[in-house]
Every structure is written in structure tokens, then in C-alpha cells.
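Student: 3D model of this:
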Amino acid sequence: MQASKAPGLVTPGPERRLAREAVAFTRAQSRTYNRSLTSLGDAFADIYTSVLAFGCAAAMAVSFVFALRDGIEGNDPGRSGLVTGSPLQLPAAVLWFLMTYAALAGILTVARRLGPVAVTGAQGAWWLPLPVDRGPMVLPTFRRRIMWVGLGSAVGYLPFSLLTGLDLSVGAHAAAAATFGAAALTVLGAAAILQLGPQGARTGRRAGAAVIALVLALLALLPRVAGTGWPPGMPGLGAVALAVAAAVVVLTVALRRAGTVGSTELIRGGAVSGHAGASVFFLDANELLRSLAGEPRPAAAGRAAELYRRPTRGPLAGLVRADIAAFLRLQPGFTAPGLWLAACLALMISDAGLPAPMQLAFVAVAGCAVASGMGTVARRTALLPELDALLPLSPAQVRASRMLMPAAALALWMTVLTGTLVLLGAGGPLLVLMGALAGLGMGAGTVRGATRPAADWTLPPVDTPMGPVPRTQLASLLRGLDATILCLLPTGLALYLGQAFPALLAAQAVVSGAAVLLVLLSGPARPGAGR
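Tutor: Here you go, the predicted model:
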């Protein structure tokens, strides 16, 4: 063995065989240890519970999709939505394409953040220092991710295909789902190839952004072509074949070069994946958002530093300035809120015949997603509440400082949304003021959700048809979302009625004010507070 050879190079022969033996030995010992801790009865109970929970979830999802499909099929496209007299009309086919494109872009972003090719901390400590080929060390996990992403994407696209292609046959829906699964695998392979570059190199990513956007657009077209061209003509078969061929080519390159990914990128991806997986297992939304948080933006960090260096008066003014600087430095860009805003507007002006309750539900989901994304600073400071206790300020003043920037950003987001809807003919001028007030209350919900307590796992769980559920977990998950949804209710009611009445404006002011006071006057979050 040549010890001087750089690890990670694909070298057939004894080194590759040694790497396979090391991986096989480690996995065999791990399986033996895990089996010693699990009895046959426990394994059967876990499998039974998982299958039962999956069956219940699938049954509810199928019934909901078909009920929604019947509602869309019986609606009049010109009169069923919130915006009935809009001067702009977006064809339904364009809307479905944009949603497919957004889904593929989301898969690429999440895959790039998690790292399709990654190792855990223990694997990085034991395997990476060895001067052998890393391919056998990283390929098993990568192959499993390929399988689950392809299967999950195809199954997840089926409800979307059923709702957007009312006149398609069963074979057409299957072809569209298979095509989307292949497109998702192509995106996953592209994310693995991007790992070969240095982490944080922005020049290369900017140079290839246009190419990636074009490829995603072409991939987003294929599922619809596969569905509409199936079964009589060759266009559908050609779209399926093209998607599969693209996935095979990209994954072949990614699998061959998986062993050349750098150690830093492998360990980073494993750490982020492990953190995100544990957060999903424990149903901790804050930890999931912390794991997926990006790095500080250099340009924004420079502007924040200039603001922070200015002189200030008093501890409250200093804390407010520090929170503003931290928000500008750590908060992700406004690309995601802008996309959510565009999605809401596109959904309302499309001629897809979507019912008004569905559009309102999408606005609520978008508002909750944007509000959760604005709590980066509050989530970071919530990890060490002792530091806030050292400040010569009351807890209410500290929470007001944390709330300032999220409330301002969400008020601006809601103002733009409601103002655009007013221009399109949905509601009167008072709707803009209601949106701004709703944004202030959503900012309070952001801080409330970012400081939610961890679930108390010492309490016995509650048995449900879908398995045992921790007693305090549901209350912990809803903390913050409850205030956000309540603040959106008066504005949503005004949109549904088509007019912002003064009584609804007063109700919006009361609800938003109550949400702000709830956050300012609430005590520190304690584990198990929701019981």
C-alpha cells in the first residue's frame, strides 16, 4: 500500500478491496450490536405500528385528494377563486409548470445543503484518515438516498398529477409520476456533482446558475409532456425515456466520482444530515430550521458591521441595533419570501378553477413558512437565554427588540401581497392596512415559535390510531403557528368576502395587538409548558 497517495482517489486493486473489507466489518459489528439491544417482540411492534400509521396517513391523503379533485372539477374557473375580475389571467398549464419547477429547485437546494454524499461523525473519524479509496465507504449511503428520493418523488407527485390532470388516464398519471421521479434523481445527482467543488465557492455557482436554471426548466416540462402524450403517441414515451436517460447519465457520473468528494464536505454533509434527521425524528421544527440555516452573507455582514459600529445611547438602543445587525447578517435573502409571494399571486390569478378555501389555505401555509424563516436571530439567541438575563433590561424589552425586525419584514411582505390583490380587484383599500397589521402579529408569532420549549419526553405518551404521541409535542409544535394563523384569520376573511369592512379592520388590530402583548408579557418558555 502506498501511504503517500492522497485518500479519496479511485484506485482499483488491494486498496479498494481493503476499503470494502473495512466497511463490511464496521457494518457487521454495528448490526450485531443493534440486534443485541432489540428483541423480536419490539421489532414486530415497531413494524406493526409503522405500517398502521402509514396506512392511516395514506387513507386520509387519498380521501382528501379525491375530495379536492371533485371540488376542482365542479368549479367554474372564472368565479371560484378569490380574485374573480382580475385583468391578468395565468394559464393553468403555466402554473403547474412553475410549481413543478419550484419542487425540483427545492430538491436541489435541500440536497445541496444536506449533501447527497456524506459520512457520519464516527465514519469520518474512522474511515477518512485511511489512505484507501473512499468509494466503498460513501456509496452504500448514497445509493440508499437515490432509492428513497426516486421512490418518494414519484409517489409524492401522484397527488399533484391527479389534481392537475383531471382528464388523464391512470397510465398517464403513472408515466408523469415516473418522469418526475427520474427528474428528481437527475437533480440529486447534480447536487452530488456540485459537492466536488470547494465548499463556499460562490464564483463557480454563479457562473453555472443560468445553466442549472435552464436544466431545471427542461426537467420541469417533462412530467406534463409524459402525462399528456400517454398512451397513444410517442411524445409521452419520449419524455419518459429522456428523463430516465438524464438520470442514468448524471447518476453514473456522480457514482463514479463519489469517492473523490473532499473530507470537509463529507463531514459537513453528514453533520447537517444527522442534525436534520434527529430534528425530524423528535419533531423539533426549530432544530430542523437551525440545521438547514445557511452561512452569513458577506455583503449583508458588511452592511451590518457598518450599522453596528455607530455610537448608540442606552442599553435598549444598543440591543435594538445589535438585533438589527444580526438580522441583516444572519437572515437569508428575500428570495424565499419573494417566491412564496409570487406563488400566492400566481395561484389566485390562474384559471385552474381552484376553490377559494384552497387558495386561502395556501396563503396561510405561505404566511407560516415565511414567518418561520424570519426567526433566525430569535432561534439562535434562544439557545442561551442566560445571556439575555445579563442585560440591564426587562424581559419584555428584550422580546420587543427580537420582534422588531421580523415584524417589520412580515408587515412589508403582507403589505405587498394585499396591495397587489387590491390592484387586482380583491377587496378595498382597507385590505392593505389589514395586511400590515397582520404582519405585525405574525412577527410576534415568529418570536413565539422560535422560543418554543422542548417537549417533555419523560411523560408517558398518548396512544392514537397512528401510534403513540408525546403529550406535550403537539402543543410545542403549535406554539407560534397559533398566533400566526390567528393573525391571518381577519385578513383571510376579508379576502373571502371580497371586501375589507371596518369591523374586520378593528378585529385585525385587536388580534395582532393581542399576539404582540402575548409575546411581550409571557414568561420564559419551560420544557413541558404545553401540557
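Student: now do stretch 338-358, average pLDDT.
Tutor: Averaged over stretch 338-358, pLDDT sits at 85.
Student: first-to-last residue distance for it?
Tutor: End-to-end span of stretch 338-358 (C-alpha to C-alpha, to the nearest Å): 20 Å.
Student: Pro116 and Ala190 touch, don't they?
Tutor: No: counting by C-beta atoms under 8 Å, Pro116 sits too far from Ala190 to count as a contact (9.5 Å). From N, CA and C alone the C-beta is placed, and that goes for glycine too.
Student: any common contacting residues for the two?
Tutor: With contacts taken as C-beta atoms under 8 Å, 6 or more residues apart in numbering, the residues that reach both Pro116 and Ala190 are Ala254.
Student: and the helices in the stretch 151-300 of the chain, which stretches?
Tutor: Here the stretch 151-300 of the chain has its helices, by DSSP state H, counting those that start in this stretch, at 170-194, 202-207, 209-228, 234-256, 263-281, 285-291, 298-308.
Student: quick one: contacts of the fourth one?
Tutor: Contacts of helix 234-256 with the rest of the structure, by C-beta under 8 Å, 6+ apart, involve 10, 116-117, 139, 142-143, 146, 150, 172, 175, 178-180, 182-183, 185-186, 188-190, 192-193, 219, 222-223, 225-230.
Student: and if you look at the fifth one?
Tutor: Contacts to helix 263-281, defined as C-beta under 8 Å, 6+ apart, come from residues 7-8, 113-121, 123-124, 128, 134, 138, 195, 199, 285, 287-288, 290-292.
Student: and the helix or strand Ala336 falls within, which residues are buried?
Tutor: Assigning secondary structure by DSSP states H and E places Ala336 in helix 335-349. By 16 or more other C-beta atoms under 10 Å, the buried positions in helix 335-349 come out as Pro337, Leu339, Trp340, Leu341, Ala343, Cys344, Leu345, Ala346, Leu347, Met348, Ile349.
Student: what's the closest of the residues you listed to Leu431?
Tutor: Met348 (13.1 Å; C-beta to C-beta).
Student: how much space separates that closest one from Val65?
Tutor: In this view, Met348 and Val65 are 21 Å apart by C-beta to C-beta, to the nearest Å.
Student: try Arg479
Tutor: In terms of C-beta to C-beta, Arg479 sits 30 Å off from Val65.
Student: which elements pack onto the longest helix along the chain?
Tutor: Taking DSSP state H as the assignment, the helix of the chain that covers the most residues is helix 40-73. For helix 40-73, the contact count by 3 or more C-beta pairs under 8 Å, 6 or more residues apart in numbering; DSSP states H and E identifies helix 135-164, strand 467-469 as packing neighbours.
Student: of the ones you listed, which shows the lowest average pLDDT?
Tutor: Across the helices and strands packed on helix 40-73, strand 467-469 gives the lowest mean pLDDT, at a mean of 66.
Student: dump the C-alpha coordinates for the very next helix or strand once past that one into CSV.
Tutor: Following strand 467-469 in sequence order, the next helix or strand is helix 473-478 (DSSP H and E). C-alpha atoms of helix 473-478 as CSV (Å, rounded to 0.1, in the frame of the first residue of the first chain):
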residue,chain,number,x,y,z
GLN,A,473,-45.2,17.6,21.5
LEU,A,474,-48.4,18.9,19.7
ALA,A,475,-48.6,21.9,21.9
SER,A,476,-44.9,22.6,21.3
LEU,A,477,-45.3,22.4,17.6
LEU,A,478,-48.3,24.7,17.5
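Student: so which bits of helix 473-478 are buried?
Tutor: Neighbour count says helix 473-478 has Gln473, Ala475, Ser476, Leu477 buried, by 16+ other C-beta under 10 Å.
Student: and that helix, how far from the chain's centre?
Tutor: A distance of 18 Å separates the centroid of the chain from that of helix 473-478, by C-alpha atoms, centre = their mean, to the nearest Å.
Student: what does stretch 139-157 give?
Tutor: 17 Å.
Student: how about stretch 157-175?
Tutor: 24 Å.
Student: other residues contacting it?
Tutor: Under C-beta under 8 Å, 6+ apart, the answer for stretch 157-175 is 61, 65-66, 68-69, 72-73, 92, 96, 99-100, 176-177, 180-181, 223, 226-228, 230-231, 236, 239-240, 352.
Student: among those residues, which ones are buried?
Tutor: 68-69, 72, 96, 99-100, 176-177, 180-181, 223, 226-228, 230, 236, 239-240, 352.
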